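In: when you get a sec, could you give me coordinates for this:
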Amino acid sequence: MKHPANSSSSFKSSFPAPARRRAVRAVIQSLEERRLLSAGELDPSFGAGGRVTTDLGGGTFDQAVQVAAVNAGGKLIVAGAVWGQGWAVVRYNADGTVDGTFGTGGQARANEATASVEITSAAVAPNGKVLLCGSLYGSDTGYDFAAIRLNADGTPDTTFGANGDGLVTVDFAAGQDFASRVLVQADGKIVLGGRTYDAQQGTMLVDMARLNGDGSLDTSFGAAGDGRATLGFRPGDGVTSLALQADGKLLVGGSFYDGSGGTEFNFAAGRLNADGTPDAAFGGNGDGTVSVDFGGDYDVVTSVAVQADGGHGHRLRRRPAQRRRHRRRRLRWRR
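Out: You can find the predicted model right below:
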């Protein structure tokens, strides 16, 4: 697969743009992360008054913080985009100082093979390695799921993927594939979640892929035994959250498009068995999914958590039809 530096504008115009999140992503002049106390105040022990700013040299509109994760040692991983240079990752110590043992001067940058990946999620594996996920355009297959793995010191993990560059892509036959969340299991396997867009059918699906520790597709996952799985609801925002139960079942949060032709998105959640097949015991439809309409035009799950008793807590963002102010609610299902 070829990886051009920029996606083709003519290609993008050949099919309707999939539904995008309506939350505005701030583009700032510097890469910034803040830590809050329980009372909501900035933590004065972190950086300068609870604030850290790192210039990555991308120009006036250079960096946008997109994802963050914390490793077992309490160090903070922040990933984002650098204008015209692809993605970047910075690691901070617990006090907010840049960790000079990571990458070059505390930073890891995109290489030639990965520069075109749009990063949407990050996770830290139990061994300290950093997983990034997003989408990559290839001239033969369009957009594909993409995963990048860095060693704990910020260098590309050459043991991940077949080409020795720390990059893995996953193509779903339906069409254009956009990964939005990554989860690392305790056994080192990697779950990617997102949506696929079939331009010919004009439909969108929620799709998952599971990788082995070396980046190969896990053939024990999915009904077809190819490392891929599909949940039976049409996504609005795609996959916005993933969580793993103690029994290995995978919880997926997102939004459901009701097909009304407008912007009616409903709260949606799904559950896959440990083997990647839909869990028929979850929800009332026998397909492992459930959706809830709160009466607004934009109801979206933003996070999923597994409770100690096996129940599932889901946080959502709601935009009512008459008022655009977001409200947050929690729902709980029994195991």
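
In: show the low-confidence segments of the stretch 51-200 of the chain, by residue range.
Out: 58-66, 139, 174 (pLDDT under 70).

In: show me where it has strands.
Out: Secondary structure of the stretch 51-200 of the chain (DSSP state E, counting those that start in this stretch): strands at 51-54, 63-70, 76-82, 86-92, 107-109, 118-124, 130-138, 142-150, 167-170, 176-184, 190-198.

In: dump the residue contacts of the residue nearest in space to the middle of the chain.
Out: Centroid-nearest residue in the chain: residue 181, 2.1 Å away (criterion: Cα atoms, centre = their mean). Residues in contact with residue 181 (Cβ atoms under 8 Å, 6 or more residues apart in numbering) are 120, 121, 133, 192, 193, 194, 239, 240, 241, 242. From N, CA and C alone the C-beta is placed, and that goes for glycine too.

In: rerun at 7 Å
Out: 121, 133, 193, 239, 241, 242 (Cβ atoms under 7 Å, 6 or more residues apart in numbering).

In: rewinding a little: so can I have TSV of the strands of the stretch 51-200 of the chain showing distance to residue 231?
Out: TSV is the format used below for the strands of the stretch 51-200 of the chain (distance: least, Cβ to Cβ, whole Å):
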stretch	distance to residue 231
strand 51-54	38
strand 63-70	22
strand 76-82	26
strand 86-92	28
strand 107-109	33
strand 118-124	18
strand 130-138	17
strand 142-150	15
strand 167-170	16
strand 176-184	13
strand 190-198	9
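
In: on that earlier part again, which of the contacts of residue 181 sits closest to residue 221?
Out: residue 193 (12.4 Å; Cβ to Cβ).

In: one step back: closest to residue 214 out of the contacts of residue 181?
Out: Nearest member of the contacts of residue 181 to residue 214, counting by Cβ to Cβ, is residue 133, at 16.5 Å.

In: tally of neighbours for the residue lying closest to that closest one once chain neighbours are set aside?
Out: Distances taken as Cβ to Cβ, 6 or more residues apart in numbering put residue 182 closest to residue 133, at 3.8 Å, once the chain neighbours are dropped. Around residue 182 there are 27 other residues, counting by other Cβ atoms under 10 Å.

In: same question for residue 70.
Out: 13.
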